[in-house]
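S.K.: I need the structure of the sequence given here:
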Amino acid sequence: MKKIILASPRGFCAGVDRALHIVERALEKFGSPIYVRHEIVHNQFVVQRFRNAGAIFVESLSEVPENSTVIFSAHGVPDSVYQEARNRHLRVLDATCPLVQRVHMSAKRHHEAGRHVILIGHAGHAEVEGHLGRLPANSMTLIRNVDDVEKLSFSPEIKLAYITQTTLSVAESQHIVEALRNRFPDIAGPARGDICYATGNRQGAVRSLCGQVQMLLVVGSNNSSNANRLAELGVEKGISSHLIDCVDNIEESWFEGIDVVGLASGASTPEDLVQDVVHWVCEKWPEVQVENWVTMQEKLKFPLPDELAS
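M.R.: Numbers count the residues shown, from 1 in each chain. This next block holds a predicted model:
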């Protein structure tokens with residue numbers, strides 16, 4: 001093996017960075033326990049580190065004692081969860097990514113304008129559940145792919161709009177939107193799309209990197225949508241591609257006959273997990289060259305909630 005090339009940008013996006021700082025500051029300000037509804041972000045190492053610091057992760061607010069502090073994860077939650085928190089007198093710190101909130105607001109505007117909303121996303125994903133729960137029942141239809149578009153049936157008088165999960169494959173979502181526009185020429189949708197900047201940037205970096213490497217390693221958890229999309233890009237480009245939680249998942253046999261390896265990470269992956277992989281490779285092959293493949297620099301930052309800003 002001769003070279004390992006690191007994709008950049010990689011790792012924490014602005015929404016994840018904000019969410020993690022919310023948990024950190026809440027623990028500092030209010031002490032433990034702090035309750036977090038759902039995993040704050042989809043990375044098992046991040047979640048475990050916060051557990052060790054005194055955060056308690058729950059899937060239902062019924063697990064949170066009254067008058068406690070609860071943080072809503074970066075993926076967003078249905079309106080019913082906000083109402084339940086109010087009813088139970090919980091102090092809420094909302095770590096929903098502002099770009100996810102933007103999609104929530106778009107869905108509500110379309111609904112108020114009398115449009116039925118089509119959501120492009122993965123059933124069961126926390127972000128999708130949040131989107132679906134922002135409108136009354138039967139106001140939104142979830143689709144996953146182009147085949148689902150062909151199955152849609154609406155009366156001609158029904159006005160339509162679409163929104164998307166923010167962590168989808170950029171290329172695949174474009175194909176689905178094209179299919180929607182072909183079937184429903186008057187459908188309304190976002191001018192620049194709902195895929196978040198970080199998802200697009202990381203996919204762009206990996207897409208260009210794949211032309212330079214023979215194998216791709218993506219560091220990220222299995223339940224991370226954006227990390228899975230990065231690993232899929234390697235497969236689409238015809239190279240060996242592996243999604244790994246951490247260095248412990250690496251198999252040395254993967255490197256047989258490989259001279260150049262690409263390394264990327266999902267938007268909720270800590271950088272130290274990436275560097276662990278670099279160190280492992282350098283120990284196995286001391287002569288290996290380490291390079292950075294930088295496609296752009298990200299500077300976006302999101303402010304903390306007012307309760308934690310000072």
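S.K.: residue boundaries of the helices in the stretch 51-200 of the chain?
M.R.: Assigned by DSSP state H, counting those that start in this stretch, the stretch 51-200 of the chain shows helices spanning 79-87, 98-112, 126-132, 146-151, 170-183, 197-209.
S.K.: now for the last one, which elements pack on it?
M.R.: Counting contacts by 3 or more Cβ pairs under 8 Å, 6 or more residues apart in numbering; DSSP states H and E, the secondary-structure elements packed against helix 197-209 are strand 3-8, helix 170-183, strand 215-219, helix 225-236, strand 260-265, strand 289-294. Every C-beta, even on glycine, is put in place using the N, C-alpha and C of the backbone.
S.K.: figure out which of these is closest to Glu39.
M.R.: helix 225-236 (12.4 Å; Cβ to Cβ).
S.K.: show me how far the closest one is from its chain's centre.
M.R.: Taking the mean of its C-alpha atoms, helix 225-236 sits 12 Å from the chain's own mean (Cα atoms, centre = their mean, to the nearest Å).
S.K.: name the residues of it that are buried.
M.R.: Across helix 225-236, burial judged by 16 or more other Cβ atoms under 10 Å covers 225-234.
S.K.: and if you look at stretch 16-28?
M.R.: Buried positions in stretch 16-28, judged by neighbour count with 16+ other Cβ under 10 Å: 16-20, 22-27.
S.K.: likewise for stretch 57-77?
M.R.: Within stretch 57-77, the residues scored as buried using 16+ other Cβ under 10 Å are 57, 61, 64, 68-77.
S.K.: and which of these is nearest to Leu300?
M.R.: Ala74 (14.5 Å).
S.K.: contacting residues around the closest one?
M.R.: 15-16, 18-19, 40-41, 95-97, 100, 268 (Cβ atoms under 8 Å, 6 or more residues apart in numbering).
S.K.: got phi/psi on it?
M.R.: Phi and psi for Ala74, reported as degrees, to the nearest 10, are phi -60, psi -20.
S.K.: distance of the nearest residue to it once chain neighbours are set aside from Ala95?
M.R.: Of all residues not flanking Ala74 in the chain, Ala19 sits nearest, at 3.9 Å (Cβ to Cβ, 6 or more residues apart in numbering). Separation of Ala19 from Ala95 (Cβ to Cβ, to the nearest Å): 4 Å.
S.K.: same thing with Val128?
M.R.: Val128 is 17 Å from Ala95, by Cβ to Cβ.
S.K.: bridged to Leu216, which residues?
M.R.: Applying DSSP bridges to Leu216 gives these bridge partners: Ser241, Gly262.
S.K.: isn't it up against Leu243?
M.R.: No. Checked against Cβ atoms under 8 Å, the pair Leu216 and Leu243 is beyond contact range at 9.4 Å.
S.K.: ok so, going back, give me the three-state assignment for the residue nearest to Ala74.
M.R.: helix (DSSP: H, G, I helix; E, B strand; the rest coil).
S.K.: what confidence value was assigned to it?
M.R.: Looking at Ala19, its pLDDT stands at 98.
S.K.: ok, Ser310 next?
M.R.: Here, the pLDDT recorded for Ser310 equals 67.
S.K.: show me what contacts Ser139?
M.R.: Counting by Cβ under 8 Å, 6+ apart, Ser139 makes contact with 111, 116-117.
S.K.: gap between it and Ala161?
M.R.: Going from Ser139 to Ala161 by Cβ to Cβ gives 11 Å.
S.K.: neighbours of the residue nearest to Gly114 when sequence neighbours are not counted, how many?
M.R.: Closest residue in space to Gly114, ignoring its immediate chain neighbours: Lys159 at 5.7 Å, by Cβ to Cβ, 6+ apart. For Lys159, the neighbour count with other Cβ atoms under 10 Å is 14.
S.K.: can you pull the contacts of Lys159?
M.R.: Lys159 touches 113-116, 186, 188, counting by Cβ under 8 Å, 6+ apart.
S.K.: including distance to Asn292, could the buried residues of stretch 16-28 go into TSV?
M.R.: Below are the buried residues of stretch 16-28 laid out as TSV (distance: Cβ to Cβ, whole Å):
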residue	distance to Asn292
Val16	21
Asp17	20
Arg18	25
Ala19	26
Leu20	24
Ile22	30
Val23	29
Glu24	28
Arg25	31
Ala26	34
Leu27	33
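S.K.: let me know the closest of these to Lys3.
M.R.: Proximity of the buried residues of stretch 16-28 to Lys3, judged by Cβ to Cβ, is greatest for Val16, which lies at 28.8 Å.
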